[in-house]
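*Asks:* Task: produce atomic coordinates for the following.
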Amino acid sequence: MTSSEARLDPALIRLAIIVLFGAVVAQLDLTMVNVGIDVMARDLHASLGTIQWVSTGYLLAYAIVLPISGWATDRFGARNLWLFALSLFLLGSVLCGLAWSSGSLVAFRVVQGLGGGLLIPLMTTILARAAGPQRMMRLMAIVAVPAMLAPILGPVIGGVLVDQASWRWIFLVNVPICLLGLVLAWRELPVVLRERHDALDGLGLALLSPGLAVLLYGCSRASTHGGFGETTVLVCLAIGSALLAAFTVHVLRRRQAPLIDLRLFRSGPFTGSAALMFLFGFTLFGAMLLLPLYYQQVRGASALEAGLMLAPQGAGTMLALVLVGRNVERVGARTAVLIGVGLTIVGTVPFALVDAHTSDVLLAAALFVRGAGLGAALVPVLGTSYHGLRQEQYAGATTAVRIFQQIGGSIGTALLVVILQHQTTAHAPGIDGLAAAFGDAFAWTLGLSVLAFLPALLLPGRERAATGAVAPAAAAPEGR
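*Replies:* Just a heads-up that it's a prediction; the model follows:
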């Protein structure tokens with residue numbers, strides 16, 4: 001592909017900006033809410049165990065609707081589904097801001113989760129269809145900035161809103177952004193002229209959505225109820241795994257269009273991308289739980305200060321996204337990801353060796369390098385997940401990759417919490433022992449980062465990526 005063919009035209013950039021309105025609020029909301037959990041519990045006179053369902057309910061709703069996003073995109077059209085999902089998220093945000101009890105807040109968070117579970121994969125599908133696999137890499141270098149910064153900025157913004165206003169503004173701040181996003185989407189998103197009318201795989205949905213929800217609930221409960229040995233956790237993990245296994249058997253036997261086509265895994269680049277997103281979910285979301293906790297519990301920082309201390313990781317991410325977006329076609333996806341994984345490992349090593357007195361300058365530099373590594377790896381991973389696939393397979397591929405990321409993030413978060421709890425009791429009491437426990441937990445993220453080298457080898461190199469480029473006509477945006 002020539003540089004002119006890979007150039008991002010103004011219409012494509014405008015499309016990316018429009019869909020970012022929905023994706024950003026959904027990403028920020030996930031991290032802002034955690035800051036206000038304690039305040040919500042006091043204000044609504046609820047126990048922490050009850051109010052924790054504000055996060056758990058959103059997660060389960062997200063998991064239930066995620067598997068259907070690919071089919072719904074093809075069936076109803078990306079534009080219609082986007083307007084519906086963003087409206088649903090807006091409705092949930094308004095209702096959450098007006099909630100009068102813990103029960104009503106949890107119920108309204110479920111509404112929010114149903115909308116959010118559609119928005120994130122739908123954004124990727126819309127952009128992939130408009131850009132094609134090669135331009136997708138450059139485009140993701142733009143749209144990945146807010147997605148990568150959301151886990152970092154979310155706690156900071158949430159802390160400011162809770163301290164200066166009310167926890168209700170964590171939800172109400174979404175309203176003007178969603179309204180503007182709806183207006184722009186109504187005016188600018190292309191109307192899909194061709195729609196598939198495949199019947200919904202009802203049995204597949206009945207197996208996959210509950211299986212995914214039960215599995216993620218088990219992971220969530222493990223992080224709050226003493227680990228993976230708890231009876232309810234073991235039952236949830238067993239039921240979830242059994243349902244997912246039954247879904248696999250069902251898909252392999254089904255002749256009609258399945259909910260998720262497992263034949264996608266015949267593609268090496270897609271398989272590598274899915275495996276990497278699973279590991280990145282663990283490394284990114286799991287570590288983003290540990291990092292602010294370390295600064296708060298070991299270094300004595302406030303929630304706002306801990307959020308600000310994570311800023312170097314965001315700066316490294318932004319720099320990497322700019323450099324990768326310009327050079328990924330030149331070096332190839334495989335090389336870019338291998339470099340990114342290597343940088344992530346280098347940036348994680350100081351945290352695996354951390355103690356209570358580790359230099360703040362060293363940790364800031366490590367976060368910068370770590371953020372650069374994650375940014376350098378994420379763009380080519382997302383871009384090459386569509387390599388060699390037909391455009392009608394994009395929606396299903398997006399759904400599958402997001403499911404792997406969600407499972408990786410949930411398992412990683414739960415596992416790291418359990419490891420941190422166990423190591424805290426294993427080490428001597430005091431700040432030094434607590435710091436050592438955090439170091440042991442970070443060592444697990446380091447190990448999984450090393451594992452990422454293996455699936456990265458499945459990604460296309462420079463020459464293969466060039467020969468597999470989609471022609472400009474096939475990558476053109478859908479007609480209005």
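*Asks:* can we go C-alpha only for contacts and neighbour counts from here?
*Replies:* Noted.
*Asks:* how long is stretch 390-399 from one end to the other?
*Replies:* Stretch 390-399 stretches 15 Å from its first residue to its last (CA to CA, to the nearest Å).
*Asks:* quick one: average confidence on that stretch?
*Replies:* If you average the pLDDT over stretch 390-399, you get 76.
*Asks:* same thing with stretch 255-274?
*Replies:* Here the average pLDDT along stretch 255-274 is 81.
*Asks:* Stretch 109-127 too?
*Replies:* Averaged over stretch 109-127, pLDDT sits at 86.
*Asks:* CA-only coordinates of that stretch in PDB, if you can.
*Replies:* Provided in PDB are the C-alpha atoms of stretch 109-127 (Å, rounded to 0.1, in the frame of the first residue of the first chain):
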ATOM      1  CA  ARG A 109     -26.200   1.100  36.200                       C
ATOM      2  CA  VAL A 110     -27.400  -2.100  34.500                       C
ATOM      3  CA  VAL A 111     -29.100   0.200  31.900                       C
ATOM      4  CA  GLN A 112     -25.800   2.000  31.500                       C
ATOM      5  CA  GLY A 113     -23.900  -1.200  31.100                       C
ATOM      6  CA  LEU A 114     -26.300  -2.400  28.300                       C
ATOM      7  CA  GLY A 115     -25.500   0.700  26.300                       C
ATOM      8  CA  GLY A 116     -21.800   0.700  27.100                       C
ATOM      9  CA  GLY A 117     -21.400  -3.000  26.100                       C
ATOM     10  CA  LEU A 118     -22.500  -2.000  22.600                       C
ATOM     11  CA  LEU A 119     -20.600   1.200  22.200                       C
ATOM     12  CA  ILE A 120     -17.000   0.000  22.600                       C
ATOM     13  CA  PRO A 121     -17.100  -2.800  20.000                       C
ATOM     14  CA  LEU A 122     -19.400  -0.900  17.700                       C
ATOM     15  CA  MET A 123     -16.900   2.000  17.600                       C
ATOM     16  CA  THR A 124     -14.100  -0.400  16.400                       C
ATOM     17  CA  THR A 125     -16.400  -2.000  13.800                       C
ATOM     18  CA  ILE A 126     -17.500   1.300  12.300                       C
ATOM     19  CA  LEU A 127     -13.900   2.500  12.000                       C
END
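*Asks:* So which bits of it are buried?
*Replies:* 109-127 (16 or more other CA atoms under 10 Å).
*Asks:* centre of the chain versus stretch 311-326, how much separation?
*Replies:* Put simply, stretch 311-326 sits 17 Å off its chain's centre (CA atoms, centre = their mean, to the nearest Å).
*Asks:* Now it: buried residues?
*Replies:* Along stretch 311-326, these residues count as buried under the neighbour rule (16+ other CA under 10 Å): 311-322, 324-325.
*Asks:* And for Ala150, the neighbour number?
*Replies:* Ala150 is flanked by 23 other residues according to other CA atoms under 10 Å.
*Asks:* number of nearby residues for the nearest residue to it once chain neighbours are set aside?
*Replies:* Excluding its sequence neighbours, the residue lying closest to Ala150 (CA to CA, 6 or more residues apart in numbering) is Leu28, at 5.0 Å. Number of residues near Leu28 (other CA under 10 Å) recorded here: 23.
*Asks:* and Leu28, which of the three is it?
*Replies:* Classification of Leu28 using DSSP: H, G, I helix; E, B strand; the rest coil returns helix.
*Asks:* Verify the stated contact: it with Gly154.
*Replies:* Yes - with contact defined as CA atoms under 8 Å, Leu28 counts as touching Gly154 (5.1 Å).
*Asks:* returning to what we had before: among the buried residues of stretch 109-127, name the ones in helices.
*Replies:* With helices taken from DSSP state H, the overlap with the buried residues of stretch 109-127 comprises 109-127.
*Asks:* what bits of the stretch 101-250 of the chain have low per-residue confidence?
*Replies:* Scanning the stretch 101-250 of the chain for pLDDT under 70 picks out the ranges 132-134, 137-138, 141-149, 151-152, 191-198, 226.
*Asks:* and whatever helix or strand Met40 lives in, which residues are buried?
*Replies:* Counting by DSSP states H and E, the element that carries Met40 is helix 37-43. Across helix 37-43, burial judged by 16+ other CA under 10 Å covers Ile37, Val39, Met40, Ala41.
*Asks:* how about the helices of the stretch 51-200 of the chain, start to end?
*Replies:* 53-65, 69-76, 78-97, 102-164, 169-172, 174-188 (DSSP state H, counting those that start in this stretch).
*Asks:* What are the contacting residues of the fifth one?
*Replies:* Counting contacts by CA atoms under 8 Å, 6 or more residues apart in numbering, the residues outside helix 169-172 that touch it are Asp29, Met32, Val33, Ser93, Val94, Cys96, Gly97, Gly158, Leu161, Val162.
*Asks:* Report how many residues lie close to the first one.
*Replies:* Burial measure for Asp29: 23 neighbouring residues, criterion other CA under 10 Å.
*Asks:* That one and Gly154 touch, don't they?
*Replies:* Yes - with contacts counted by CA under 8 Å, Asp29 reaches Gly154, the gap being 7.2 Å.
*Asks:* any idea how far Phe453 is from Tyr62?
*Replies:* The gap separating Phe453 from Tyr62 is 29 Å, by CA to CA.
*Asks:* Tell me which of these two has more neighbours.
*Replies:* A direct count of neighbours by other CA under 10 Å for Phe453 and Tyr62 places Tyr62 higher, at 25 against 18.
*Asks:* Spatially nearest residue to the residue sitting furthest away from the middle of the chain (excluding sequence neighbours)?
*Replies:* Here the chain reaches farthest from its C-alpha mean at Ala428, the gap being 35.5 Å by CA atoms, centre = their mean. Distances taken as CA to CA, 6+ apart place Leu434 nearest to Ala428, at 7.9 Å, with adjacent residues excluded.
*Asks:* ok now do that neighbour, which residues does it touch?
*Replies:* Neighbours of Leu434 in contact, by CA under 8 Å, 6+ apart: Val298, Thr424, His427, Ala428.
*Asks:* gap between the one helix or strand Gly375 maps to and the chain center?
*Replies:* In the assignment (DSSP H and E), Gly375 maps to helix 360-384. Here helix 360-384 is found 15 Å from its chain centre; the criterion is CA atoms, centre = their mean.
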